[in-house]
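> Need the 3D shape of this:
(one chain, ligands or ions: 1)
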Amino acid sequence: MTESSKNIFVPKPWPRKLRSTEWFGGTSRDHIYHRSWMKNQGLPADLFDGRPVIGICNTWSQLTPCNAHLRELADRVKHGIYEAGGLPLEFPVFSVGESSLRPTAMMYRNMAAMDVEEALRANPLDGVVLLAGCDKTTPALLMGACSVDIPAIVVSGGPMLNGYFRGERVGSGTALWQMSEDIKAGNMTQEDFLEAEQSMSRSAGSCNTMGTASTMASMAEALGMALSGNAAIPAVDSRRRVMAHLTGRRIVDMVKDDLKPSDVLTRQAFENAIRINGAIGGSTNAVIHLLAIAGRVGVDLNLDDWDKLGQDIATIVNLMPSGKYLMEEFFYAGGLPVVIKHLAEAGKLHKTALTVSGESIWNEVKEVRNWNEDVILPVEKALTQKGGIVVLKGNLAPQGAVLKPSAASAHLLQHRGRAVVFEDIDDYKAKINDEALDIDEHCVMVLKNCGPKGYPGMAEVGNMGLPPKILRKGIKDMVRISDARMSGTAYGTVVLHTTPEAAAGGPLAVVKNGDMIELDVERRCLRVDITDKEMATRLANWKTHLEAPKSGYIKLFHDHVQGADTGADFDFLKGCRGAAVPKDSH
Ligand SMILES: CC(C)(O)[C@@H](O)C(=O)O
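The predicted structure is shown next:
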């Protein structure tokens, strides 16, 4: 990849007056007011001498199991901040927990981002450490920080240790989807399933697969927003604590240099991240989150960029759901720096992209080695040579839909089949186990009304399970199409994020049982075989059966959420609103 422009960052002179001195740096009534209350925490007076005040933005919550260990990690960050001469102040933000939140954690990502943005701007903070883990916490924190643009750095909670059930690796999420299909096919008993449950989550941390949590930790590192090596260290490994400690030290210098998200998150950084996502077989959720982050930092990135940049990227990380290993093995093999080095050497990365370390991404990885070539594969043994996210277009998805080739079945990538339509998730649940359902393995399952407005929130239901009568034949995959997302831990020939979504009157809304649907991944085509005239007539007669929410956050969400093709952010949250110090409070 050619280097069109070099990232030249010029650090600001130090010492200088920071924004926190507006609160703490003086002798007026208001300065004393701000300081004196803080001192109830036992903070010595000299901590308010103009040194960098660093927020530790913590998504700790027992309702977010993947982040339940972040209090301890925050303490390690504090050690580093104090050591480097800063004042750490930890604060909580809304914690978006994937495994418990209903209707879906995605409905709360933008709310959390708003929480982060307002907390950063309204408080006496000069920089922030973003403590994230579970899927949505990473993008939410980055989105909020980008809209304020004070120095910010991510430290992830890290993945869980490998799970094992009867000698076999149990991957978070991936095993759950597999086993529940095995039950429907009659290949596993309910008792065994319950026994397997005990082995699924055996330590603190987020999903041990290359699900969305590990993908987004990898994206933070790929974008240059975390220290090199951050993504893969297991949550309980002592080196995770070291990473937190070093991150604490680093943010203080970032504040002194005034190294901001907008310095790191250039178009080049996003291009690198998209390519790295293809190489790791990362979650389709990254598409939405990176588009949303780009929107906050003012980088012009669109859905087609995902296709263009990912086309020639081989998936070399042999992790579930695309491959066979788990994050623990990825870490032992050398982790993300090895993947970055490989892509850079292949000429597929912008080597000069700046990272939060102050170094280029290439300088961070040039000395690393691959310690296990069965986990990080040589390119000739890649899981797929074309691993980047595919963007499909056609009369069924005028603004695009996505598919993850590394998790799909090669024989289904070109397919024509009869549509079996589910009007919404309740319709799907009511019909899927019915032996009389008119469906066979050549059909295309179509699920409507699961997009941002439709579900609401765009739930991870796109990898809808197959009908038991088909599973019993030993068939494990069928083409499925929806406006939903899917878990990063899921797999299958699943077309997702169809835009415009059904609830917004997209063409998906008017697909009928029996229509013929064509998927051609090579040609990037997704079509329903009806004439333009028929499509226009159906759309003109379409009316939603969904009721619009009348009040509360759900109404705000419904009225302002944008399509998946632009990142599903709120229309009024796009962009950076800066870090100007607001009026005083008294
Ligand atoms: C909860 C999960 C399994 O993390 C999922 O949301 C994902 O996308 O990976």
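> what about stretch 546-560, how long is it end to end?
Length of stretch 546-560, first residue to last, Cα to Cα, to the nearest Å: 17 Å.
> Identify the residues contacting the closest residue to residue 423 other than its chain neighbours.
Distances taken as Cβ to Cβ, 6 or more residues apart in numbering place residue 448 nearest to residue 423, at 5.6 Å, with adjacent residues excluded. Where C-beta positions appear, they are placed from N, C-alpha and C, glycine not excepted. Residue 448 sits next to 421-424, 454, 482-483, 502, 508-509, 511 when contact means Cβ atoms under 8 Å, 6 or more residues apart in numbering.
> Out of those residues, which are close to the ligand?
Of the residues in those, proximity to the ligand by Cβ under 6 Å from any ligand atom holds for none.
> Now tabulate the residues you listed in CSV and tack on distance to residue 520.
Listed next are the contacts of residue 448 as CSV, based on distance: Cβ to Cβ, whole Å:
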residue, distance to residue 520
421, 21
422, 23
423, 26
424, 27
454, 26
482, 18
483, 20
502, 22
508, 18
509, 22
511, 17
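> with those residues in mind, which one is nearest to residue 474?
If you rank the contacts of residue 448 by distance to residue 474 using Cβ to Cβ, residue 422 comes first, at 23.5 Å.
> Pretty sure residue 446 is one of the things that closest one touches, is it not?
Yes. Here residue 422 reaches residue 446: they are 6.8 Å apart, a contact under Cβ atoms under 8 Å.
> quick one, which of the two is more surrounded?
Neighbour totals were compared for residue 422 and residue 446, and residue 446 leads with 28 against 21 (other Cβ atoms under 10 Å).
> Just say helix, strand or coil for the more buried one.
Three-state assignment for residue 446 (DSSP: H, G, I helix; E, B strand; the rest coil): strand.
> Who are the packing partners of the longest strand seen in the chain?
Scanning the chain for the strand with the most residues, using DSSP state E, yields strand 414-422. Secondary-structure packing of strand 414-422 (3 or more Cβ pairs under 8 Å, 6 or more residues apart in numbering; DSSP states H and E): strand 444-447, strand 516-520.
> between these, which gets nearest to the ligand?
The ligand lies closest, by Cβ to the nearest ligand atom, to one member of the helices and strands packed on strand 414-422: strand 444-447, at 17.2 Å.
> Who does the closest one pair with, and is each partner parallel or antiparallel?
The sheet places strand 444-447 alongside strand 414-422 (parallel), strand 479-482 (parallel), with pairing taken from DSSP bridges.
> rewinding a little: which one of the helices and strands packed on strand 414-422 lies nearest to residue 352?
strand 516-520 (37.7 Å).
> Angles on the backbone of the residue of the chain found nearest the ligand, please.
Closest to the ligand within the chain is residue 211: 2.7 Å, counting by Cβ to the nearest ligand atom. The phi and psi values for residue 211, taken as degrees, to the nearest 10, are phi -80, psi -160.
> so what pLDDT did it get?
Residue 211 is assigned a predicted lDDT (pLDDT) of 97.
> Check residue 7 too.
At residue 7, the model reports a pLDDT of 64.
> count of neighbours near residue 32?
12.
> Pull up the gap between the residue of the chain closest to the ligand and residue 319, please.
9 Å (Cβ to Cβ, to the nearest Å).
> Got the domain ranges for the chain?
Domain ranges of the chain: 51-160+211-381, 164-200, 390-546, per the TED database.
> So residue 130: helix, strand or coil?
With three-state DSSP as the criterion, residue 130 reads strand.
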